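[1] Sequence and predicted structure, then a few things I'm wondering about:
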Amino acid sequence: MEENISNKIDLNKIDISTEPPAEEPARQYYFMAKCREWVRKFEQKSGRLPTACVTTFGCQMNARDSEKLEGILETVGYERTDNENADFVIYNTCTVRDNANQKVYGRLGELNGYKRRNPKMKIALCGCMMQEPSVIEKLRKSYSFVDLIFGTHNIYKFAELLCASQEAEGMITDIWENTDKIVENLPAERKFPFKSGINIMFGCNNFCSYCIVPYVRGRERSREPEDILREIRGLVADGVVEVMLLGQNVNSYGKTLDRPVSFAELLRRVEQIEGLKRIRFMTSHPKDLSDEMIQVMKQSSKICRHLHLPLQSGSTRILERMNRRYTREQYLDLVQRIRREIPDIAITTDIIVGFPGETAEDLEETIDMVRTVKYDNAFTFIYSRRTGTPAAAMEDQVPAEEVKKGFDRLLKTVQDTARSQVARYQGTVMEALIEEVNVNDSAMVTGRLSNNVVVHIPGDASMIGKLIPVSLDECHGFYYIGHQAGASEGTA
Ligand code: SAH
Ligand code: SF4
Ligand code: F3S
């Protein structure tokens, strides 16, 4: 498989008695070989392999980063476990809202309990939360049992840091403020054999006034299209049929490359990859969604009929304060243009309630927008004040009780609209990619339609990873119960 080039690089051939190479990714493979030596010694001493548990918070980008952490842990010989009572535990953190941070602090207490019983246990923290200096200060002061801390910009150095931490006593901290570096060709361990996320870009330049992501993920950087295409071809050769192209604002992909390439053009090239069946992407900023993109989606037979188009607020006044750079009318016009060209598309969104200065009328406008656009689903968030963002310094913060009332009203509208939107597929036959055996009923399998709706049908594990026509018999709110309505693709 092309993606996991560690399968080709023989760690045994790396001479770890010499100095580590300076260039990447060779340097990281050197440290993987070194870590593996440590794992061998651990095994000789303890009669078992060391265990490693990776816990992920936050978005799809973090999930993909965690696959890279797992790829390295696997390559050097750790045994993967979901149990946090392990020899090596790493939290890949998120800081987009304060509750994500609180969860990490809470769970660190539990980890400390495990560590008291297994003093050799190593606890590591990485990801977005670690890019905040106040967090590092707090960890140093009150969580000194943590062994390794690194951030988002140097995650490619994980093998090197892991190696240092295996040998060291005390806390190792390595945080970079920013980077323009993208290191290619490190191993990754996929959660699903048949689908995968692919980073197409890192960072964000939009600075929405409430959002901490640009501060913790740095400036926008796109990967070279050839690197992306090579990775996807490798994944397809390895059995992947669905890819999710990942970036904070995929519509501005490629603008900063030496030879600029538009996202629409990238999609056209991904479409041509033989054997690839489905293409998804996340996230589209409404201000950058071009007519060219709509045409590419319309003409594509692989791009899924689902668009996640974060609204944030239905009030132009609030949108302006959020620095979203579109108005209510522009958003509505965009939705109409998309629906005109692609009538069967499902549109989902993100909405924030309680942004500073938001009045009852502003919220009415948001609720009205949900009714007008008829979202297939919407993720609703209570505004969280993030230190260092412009919105955190705004004076008119909305009191919590008021936000709660508004949030409940919005949520009810979202649920009612989404329910009727999802119900409109009742009785039709659509293709589902079967993802797993149903967690509650082993005689059923769970699949996902092109429009991202989930369906459960009778079946077994042999169907996983296959595209199967299903009849959508009963709508249960946000999902369907159905049955197979034809042969899976590729079978007679
Ligand atoms: N880049 C993506 C969003 C990434 S964050 C985009 O622009 O669409 C995912 C969602 O978290 C955002 O869409 C927003 O709705 C929410 N979010 C971000 N910052 C937040 C904050 N401070 N409080 C509450 N929700 C927030
Ligand atoms: Fe945050 Fe806005 Fe960038 Fe999305 S586009 S990550 S909401 S700053
Ligand atoms: Fe969270 Fe970082 Fe993603 S802050 S939402 S994990 S980019």
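    That came through fine. Residues are numbered from 1 along each chain as shown. Ligands and ions are numbered 1, 2, ... in the order given.

[2] what packs against the helix or strand encompassing Ala264?
    When elements are assigned from DSSP states H and E, Ala264 belongs to helix 263-271. When contacts are defined as 3 or more C-beta pairs under 8 Å, 6 or more residues apart in numbering; DSSP states H and E, helix 263-271 sits against helix 225-237, strand 242-246, strand 278-282, helix 291-299. (Glycine included, C-beta is placed from N, CA and C.)

[3] Quick check: buried residues in the longest one?
    Residues of helix 225-237 classed as buried under the neighbour-count rule (16 or more other C-beta atoms under 10 Å) are Pro225, Asp227, Ile228, Leu229, Glu231, Ile232, Arg233, Gly234, Leu235, Val236.

[4] Make a markdown table out of those and add pLDDT and distance to ligand 1.
    Formatted as a markdown table, these follow (pLDDT from 0 to 100; distance: C-beta to the nearest ligand atom, whole Å):
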| residue | pLDDT | distance to ligand 1 |
| --- | --- | --- |
| Pro225 | 98 | 21 |
| Asp227 | 97 | 22 |
| Ile228 | 98 | 19 |
| Leu229 | 98 | 23 |
| Glu231 | 97 | 22 |
| Ile232 | 98 | 22 |
| Arg233 | 98 | 27 |
| Gly234 | 96 | 27 |
| Leu235 | 97 | 24 |
| Val236 | 97 | 27 |
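
[5] Same list, these, but as JSON lines with distance to Leu111 please.
    Below are the buried residues of helix 225-237 laid out as JSON lines (distance: C-beta to C-beta, whole Å):
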{"residue": "Pro225", "distance to Leu111": "41"}
{"residue": "Asp227", "distance to Leu111": "36"}
{"residue": "Ile228", "distance to Leu111": "36"}
{"residue": "Leu229", "distance to Leu111": "40"}
{"residue": "Glu231", "distance to Leu111": "33"}
{"residue": "Ile232", "distance to Leu111": "36"}
{"residue": "Arg233", "distance to Leu111": "40"}
{"residue": "Gly234", "distance to Leu111": "35"}
{"residue": "Leu235", "distance to Leu111": "33"}
{"residue": "Val236", "distance to Leu111": "38"}
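
[6] In terms of residue numbering, what are the domains of the protein?
    What the TED database lists as the domains of the chain is 11-174, 192-304, 332-424, 428-484.

[7] which parts of the stretch 351-492 of the chain sit against ligand 1?
    Among all residues of the stretch 351-492 of the chain, those adjacent to ligand 1 (criterion: C-beta under 6 Å from any ligand atom) are Ile352, Phe381, Tyr383, Ser384, Arg386.

[8] follow-up on the earlier one: indicate which one of the helices and strands packed on helix 263-271 is closest to ligand 2.
    Taking C-beta to the nearest ligand atom as the criterion, strand 278-282 is the member of those that comes nearest to ligand 2, at 10.7 Å.

[9] so can I have a markdown table of the helices and strands packed on helix 263-271 showing distance to Pro390?
    Below are those laid out as a markdown table (distance: least, C-beta to C-beta, whole Å):
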| stretch | distance to Pro390 |
| --- | --- |
| helix 225-237 | 33 |
| strand 242-246 | 26 |
| strand 278-282 | 25 |
| helix 291-299 | 29 |
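
[10] Run a quick neighbour tally on Cys433.
    Cys isn't right for residue 433; it's Leu. Here the number of neighbours of Leu433 (other C-beta atoms under 10 Å) works out to 23.

[11] I'm done for today, thanks for sticking with me.
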